[in-house]
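K.L.:
give me a 3D structure for the following:
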Amino acid sequence: MFRRGLGQPALFAIIYTSVASAIYFSLGVVTSRALGLTPVVYVLAGIFFALACTTYVEGASLHQDRGGATVFARYAFNELVSFVAGWMILLDYIILIAVTSFSATNYLAAFWSPLGSGTDELLLCFAIVAYVAIRNIRGFSKTRVNRIAALVVADLGIQALVIVLGLFAFFHLDTITDTIHLGDTPTWGDTVFALGVATVSFTGLESASGLSGEVAVGRRGLKRLVGAAAIIVIVVYTGIGIVAVTALPVVGNATSLGRNYLDAPMIGIAESFHTDWVASTLKYTIAAAAAATLIAAANSAMMGLSRLAYSLSTNRQIPSAMGRLHASRSTPFVVITIAAVLAAGLTIPQDLELMVGIFAYGALVGLTIAHLSIVVLRYKEPDRGRPYRVPFSIRVRGGDLPLLAVVGAVLSAGAWIGLVITHGGARWLGTAWLAGGLLLYIVYRTTQGKSVTRRVLVPEAALRGERHEAEYGSILVPLTGSPLDDDIIQTAGRLAAEEDTDAFEDKGATIEALWIFEVPMSLPIDAALPDAQLKQARAALARAKAVGEEYEGVEVATATVRARRAGQAIVDEAKRRGVQAVVLAAEEPSKIRGGALLGGRGGPLDDFVGEATKYVISKAPCQIILTAPPASDVGTPVDARLRADRAAARDGVVAAARDGATPGDGAAASDDGPAR
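P.N.:
Take a look at the predicted model:
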């Protein structure tokens with residue numbers, strides 16, 4: 001379960017804000033291209049959304065870092081692929097801010113027509129973008145979620161009313177089917193483009209996944225969330241699509257909705273009702289709801305952008321200066337300002353179709369990487385704890401292959417290829433953005449002397465402009481199962497604790513508490529483990545979490561790994577997790593020749609640490625901090641405990657196998673992610 005905070009209704013509200021807003025601006029573009037196939041395109045878009053929803057929920061529950069697809073790609077592939085996903089999603093956020101601000105002005109034109117064109121429209125666009133930027137620099141308030149939830153409920157009610165009244169007033173199946181001539185009306189190219197545009201709803205999942213670690217939703221809640229969101233999207237999108245092509249039917253290979261109401265298509269549906277008072281009431285109700293929803297979606301997009309950009313800057317995927325935090329608000333004001341300027345600039349051409357075309361380019365790239373990441377993580381981290389799993393998996397080459405994620409990756413990649421072929425604006429501008437980002441990333445990393453593919457972390461304090469002699473954003477602590485664990489965790493907690501608990505991310509440093517099951521070479525790496533060892537591991541991890549989180553601003557992530565050698569496992573985990581320090585327990589050197597336990601015989605005892613600790617000190621990619629236990633201990637506690645475990649493992653594994661246990665039973669080699 002995620003850390004206490006926002007619940008399932010809040011997550012749904014954040015997801016559906018983008019979904020609800022998308023219908024207000026995408027409907028005109030989709031209908032103008034897909035014509036009579038608009039309902040079919042929206043059914044397919046709903047399926048895309050359902051597949052994406054399962055992928056994002058598994059990924060966000062697996063790695064509860066803030067960042068969405070860029071986080072999945074980091075653990076599945078490397079920093080370069082992670083950057084590509086993050087960079088393309090940044091593009092989507094910027095365009096979404098521009099599109100929603102632009103569309104909001106066109107709906108507000110229902111109250112005063114000059115707002116729908118010319119200088120007045122641009123000035124209002126700029127004002128909305130500025131408002132969104134200022135709101136996000138001021139910071140995210142959890143009370144804001146309640147207002148968004150109320151808006152979502154009202155929006156759902158209005159959209160449902162439009163569907164019911166529209167089907168009753170306009171629906172005739174022949175009005176749709178008689179206009180469809182596959183390959184001609186509409187063309188295949190237009191249909192593929194319309195499908196790409198319809199994927200705009202996917203950004204709601206990115207915004208919601210950016211809140212990983214701040215929600216309290218259990219396994220059943222996640223399943224309900226996925227099911228409810230997918231069903232509502234399919235029903236609402238398809239229903240409005242049917243109403244749109246029957247209220248303003250296709251005539252002469254075109255529709256009035258795309259020709260006369262492209263920038264405010266729902267107003268076109270409202271004005272199609274023959275009863276004046278119904279048309280007038282719906283028009284102004286829809287205009288007010290659409291404007292409010294679109295501005296809320298722009299806010300959500302900017303929130304998602306700021307969190308994503310912060311994640312990219314702390315991982316040195318974009319220059320750290322872009323992620324600089326506001327001195328008092330602790331928000332990344334630099335990147336918010338840059339995004340606002342770019343979004344305002346995108347509204348100047350007043351070309352909605354161009355903007356949504358570029359948006360589809362970025363969305364499909366990010367979605368493809370997200371699906372592929374989940375597939376790879378099933379094999380790369382098979383035993384890591386997953387509160388939610390993408391359903392319908394099959395065993396392939398020793399791993400669970402998630403079929404829905406595979407289908408999603410194939411469909412997303414296919415739609416992206418079709419979009420590149422059929423839409424020149426998306427092809428050239430989207431590719432230019434991608435190429436420019438790759439150039440920025442490679443030049444930045446290489447000039448800083450950093451690897452292009454390995455993770456590099458920047459402490460949050462550096463983004464605040466603070467300077468300290470040592471910064472520990474994340475610390476790895478291998479546990480021993482002895483009373484000394486409390487001392488080790490307390491040492492790490494003191495190093496990691498922060499005074500400022502009102503930071504933008506509302507979090508301090510992370511302690512990665514690690515329990516290593518050292519499996520002898522004589523046994524399979526996935527051999528069943530004795531219950532006593534599993535119980536000891538759970539108890540030690542639970543105790544570490546309780547002790548570590550007593551320090552203000554510190555979070556404790558708990559994990560277990562299987563390995564042949566403990567030292568190598570510690571080094572590998574330090575590299576994979578990108579930690580900035582490892583805290584180990586080392587024995588105090590003895591002044592007695594030969595060591596106290598050897599009766600003083602032999603030469604001087606200079607080998608005062610065990611082999612695991614020596615390996616970590618010589619191979620680790622980060623700073624090693626050793627704590628000193630009493631001199632009566634033999635070797636390091638890690639080494640001593642592991643030597644005892646080797647003998648217990650041999651006997652216990654054989655006994656477990658004899659009792660009919662299955663390799664991999666229990667909590668062995670699992671990882672519950674950050675324990676929020």
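K.L.:
just for the stretch 351-500 of the chain, where's the confidence low?
P.N.:
The model of the stretch 351-500 of the chain has pLDDT under 70 over residues 457-473, 497-500.
K.L.:
phi, psi for residue 402 please.
P.N.:
Dihedral pair for residue 402: phi -80, psi 110, per degrees, to the nearest 10.
K.L.:
shouldn't residue 390 be within a strand?
P.N.:
No - assigned with DSSP: H, G, I helix; E, B strand; the rest coil, residue 390 falls outside any strand and is coil.
K.L.:
okay, buried residues for the longest helix along the chain please.
P.N.:
The residue-count maximum for a helix in the chain (DSSP state H) belongs to helix 276-314. Residues 282-283, 285-314 are the ones in helix 276-314 that count as buried (16 or more other C-beta atoms under 10 Å). No exception for glycine: its C-beta is placed from N, CA and C like everyone else's.
K.L.:
in the stretch 501-650 of the chain, which spans are strands?
P.N.:
Using DSSP state E, counting those that start in this stretch, the strands found in the stretch 501-650 of the chain span residues 510-518, 555-563, 581-585, 623-627.
K.L.:
what are the buried residues along the second one?
P.N.:
Read that as strand 555-563. In strand 555-563, counting by 16+ other C-beta under 10 Å, buried: 555, 556, 557, 558, 559, 560, 561, 562, 563.
K.L.:
what stretches of the stretch 201-350 of the chain score poorly on pLDDT?
P.N.:
Applying pLDDT under 70 to the stretch 201-350 of the chain flags residues 201-227.
K.L.:
and if we set it to 90?
P.N.:
For the stretch 201-350 of the chain, applying pLDDT under 90 flags the ranges 201-237, 250-260, 262-263, 274, 296-297, 299-333, 349-350.
K.L.:
what ranges does it have for its helices?
P.N.:
203-209, 219-247, 256-260, 265-271, 276-314, 333-347 (DSSP state H, counting those that start in this stretch).
K.L.:
over to the stretch 501-650 of the chain?
P.N.:
Under DSSP H, counting those that start in this stretch, the stretch 501-650 of the chain gives helices at 531-548, 566-577, 611-619, 637-658.
K.L.:
got the angle for the helix or strand hosting residue 358 vs helix 333-347?
P.N.:
For residue 358, the host element (DSSP states H and E) is helix 352-380. Angle, helix 352-380 to helix 333-347, by axes from the mean of the first three to the mean of the last three C-alpha atoms, to 10 degrees: 140 degrees.
K.L.:
could you pull out the buried residues of helix 352-380?
P.N.:
So helix 352-380, judged by 16+ other C-beta under 10 Å, has buried residues 352-378.
K.L.:
quick check: angle from it to helix 566-577?
P.N.:
Using the same axes, to 10 degrees: helix 352-380 against helix 566-577 is 170 degrees.
K.L.:
residues in contact with residue 578?
P.N.:
For residue 578, the contacting residues are 315, 455, 456, 457, 474, by C-beta atoms under 8 Å, 6 or more residues apart in numbering.
K.L.:
what pLDDT does it get?
P.N.:
You'll see residue 578 listed with a pLDDT of 77.
K.L.:
please report the distance of it from residue 626.
P.N.:
21 Å (C-beta to C-beta, to the nearest Å).
K.L.:
average model confidence for stretch 109-126?
P.N.:
91.
K.L.:
buried residues of it, list them for me.
P.N.:
Under 16+ other C-beta under 10 Å, the buried positions of stretch 109-126 are 109, 110, 115, 116, 121, 122, 124, 125, 126.
K.L.:
nearest to residue 433 among these?
P.N.:
residue 125 (20.9 Å; C-beta to C-beta).
K.L.:
for the buried residues of stretch 109-126, work out which two are farthest apart.
P.N.:
Counting by C-beta to C-beta, the most remote pair of the buried residues of stretch 109-126 is 110 and 126, 20.3 Å apart.
K.L.:
residues in contact with residue 170?
P.N.:
Applying C-beta under 8 Å, 6+ apart to residue 170 gives the contacts 243, 246, 247, 272.
K.L.:
residue 126 belongs to a strand?
P.N.:
No - per three-state DSSP, residue 126 lies outside any strand segment and is helix.
K.L.:
residues contacting it?
P.N.:
Residue 126 neighbours (C-beta under 8 Å, 6+ apart): 344, 347.
K.L.:
the same query, at a cut-off of 7 Å, please.
P.N.:
For residue 126, the contact set (C-beta atoms under 7 Å, 6 or more residues apart in numbering) comprises residue 344.
K.L.:
out of the strands of the stretch 501-650 of the chain, which is closest to residue 334?
P.N.:
That would be strand 510-518 among the strands of the stretch 501-650 of the chain, by C-beta to C-beta, at 24.4 Å.
K.L.:
list the pairing partners of that closest one within its sheet, with orientation.
P.N.:
strand 474-478 (parallel), strand 555-563 (parallel) (DSSP bridges).
K.L.:
JSON lines for those, including distance to residue 77?
P.N.:
Converted to JSON lines, the strands paired with strand 510-518 look like this (distance: least, C-beta to C-beta, whole Å):
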{"stretch": "strand 474-478", "distance to residue 77": "20"}
{"stretch": "strand 555-563", "distance to residue 77": "20"}
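K.L.:
between these, which one is nearest to residue 403?
P.N.:
strand 555-563 (27.3 Å).
K.L.:
now the closest one: mean pLDDT?
P.N.:
Per-residue scores along strand 555-563 average to 85.
K.L.:
just the buried residues of the contacts of residue 170.
P.N.:
Looks like those have 243, 246, 247, 272 buried, using 16+ other C-beta under 10 Å.
K.L.:
between the residues you listed, which sits nearest residue 185?
P.N.:
Distances from residue 185 to the buried ones among the contacts of residue 170, taken by C-beta to C-beta, are shortest for residue 246, at 16.2 Å.
K.L.:
what's the separation between the closest residue to that closest one other than its chain neighbours and residue 23?
P.N.:
Spatial nearest neighbour of residue 246, chain neighbours left out: residue 170 (4.1 Å); criterion: C-beta to C-beta, 6 or more residues apart in numbering. In this structure, residue 170 and residue 23 are separated by 17 Å, where distance is defined by C-beta to C-beta.
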